[in-house]
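# Here's a sequence, model it:
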Amino acid sequence: MFSKNSPISSPHNPAREASEREDLIRTILVALGRKDLELAKENAEKAKKLWPSDAYVLGLCGRVALASKNYEEARQWLEKALKENPDSAMTHRFLGDAYLGKRSLERARLHYEEYLRRAGDDPAILLKVYYCELLLGNSGRVDRIGSKLDAFDPTEPAYYFAKAARAKREGKTEEVRHWLEEARVFYGESQFARYLEDFQLAFAGAD
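Numbering: from 1, shown residues only. This next block holds a predicted model:
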């Protein structure tokens, strides 16, 4: 794990520099997984100074800002990452989250759709497109996407969260609780928490 006094290798040793980059990236990802935002920020600062044009590093800086709910900062880092690597599906995914956090629903939807176009089917991301369309009031698209999420899947709780989102939009509080509780019980706390975080991001301030 890197600390404030971690030595940095000479740029004349590419193999060691590559190894240190990998270690630093791993440290950031583990910190994000543990929700240790201070450690993630500390190491993201180091990484962006060492590799200011590295698309993956820039994307990680965006993810750290996202985890800190600094959505505009996240957008700026992720836009830089996308400029360095326009083909990155994951950058589109996280840019969608940044725009969703900023309540820029059209832009969020476009980036989620671009992720799906590049990466293929992903029920968690399709669900985010559904959230955007629901909040935008695009009833035709809501129905089309909803039909894709309307089949129960024992491995992914998108079905339950789509039902909860529809109920949320219609002001049916008890129904929202019902669908979320069923998802929590069926899929377990870990997977439920991941989907709940996206749900809360989408519907923040929607009450």
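# A65 contacts E73, doesn't it?
Yes. Contact criterion C-beta atoms under 8 Å: A65 and E73 qualify, at 4.2 Å. Yep, even glycine has a C-beta here, placed from its N, CA and C like the rest.
# Tell me which of these two has more neighbours.
Per other C-beta atoms under 10 Å, whichever of A65 and E73 has more neighbours is A65, with 25 against 16.
# one step back: identify the contacts common to A65 and E73.
Common neighbours of A65 and E73 are not found (criterion: C-beta atoms under 8 Å, 6 or more residues apart in numbering).
# For the helix or strand containing R26, output the C-alpha coordinates as PDB.
Per DSSP states H and E: R26 is located in helix 14-33. Coordinates of the C-alpha atoms in helix 14-33 are reproduced here as PDB (Å, rounded to 0.1, in the frame of the first residue of the first chain):
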ATOM      1  CA  PRO A  14      10.000   1.800 -17.500                       C
ATOM      2  CA  ALA A  15       9.500  -1.700 -16.100                       C
ATOM      3  CA  ARG A  16       9.600  -0.500 -12.500                       C
ATOM      4  CA  GLU A  17       7.400   2.500 -13.300                       C
ATOM      5  CA  ALA A  18       4.800   0.200 -14.900                       C
ATOM      6  CA  SER A  19       4.900  -2.000 -11.800                       C
ATOM      7  CA  GLU A  20       4.500   1.000  -9.500                       C
ATOM      8  CA  ARG A  21       1.600   2.200 -11.700                       C
ATOM      9  CA  GLU A  22      -0.100  -1.200 -11.300                       C
ATOM     10  CA  ASP A  23       0.400  -1.200  -7.500                       C
ATOM     11  CA  LEU A  24      -0.900   2.400  -7.200                       C
ATOM     12  CA  ILE A  25      -4.000   1.600  -9.300                       C
ATOM     13  CA  ARG A  26      -4.700  -1.500  -7.200                       C
ATOM     14  CA  THR A  27      -4.400   0.500  -4.000                       C
ATOM     15  CA  ILE A  28      -7.000   3.000  -5.300                       C
ATOM     16  CA  LEU A  29      -9.400   0.200  -6.400                       C
ATOM     17  CA  VAL A  30      -9.100  -1.600  -3.000                       C
ATOM     18  CA  ALA A  31      -9.600   1.700  -1.200                       C
ATOM     19  CA  LEU A  32     -12.700   2.400  -3.200                       C
ATOM     20  CA  GLY A  33     -14.000  -1.100  -2.500                       C
END
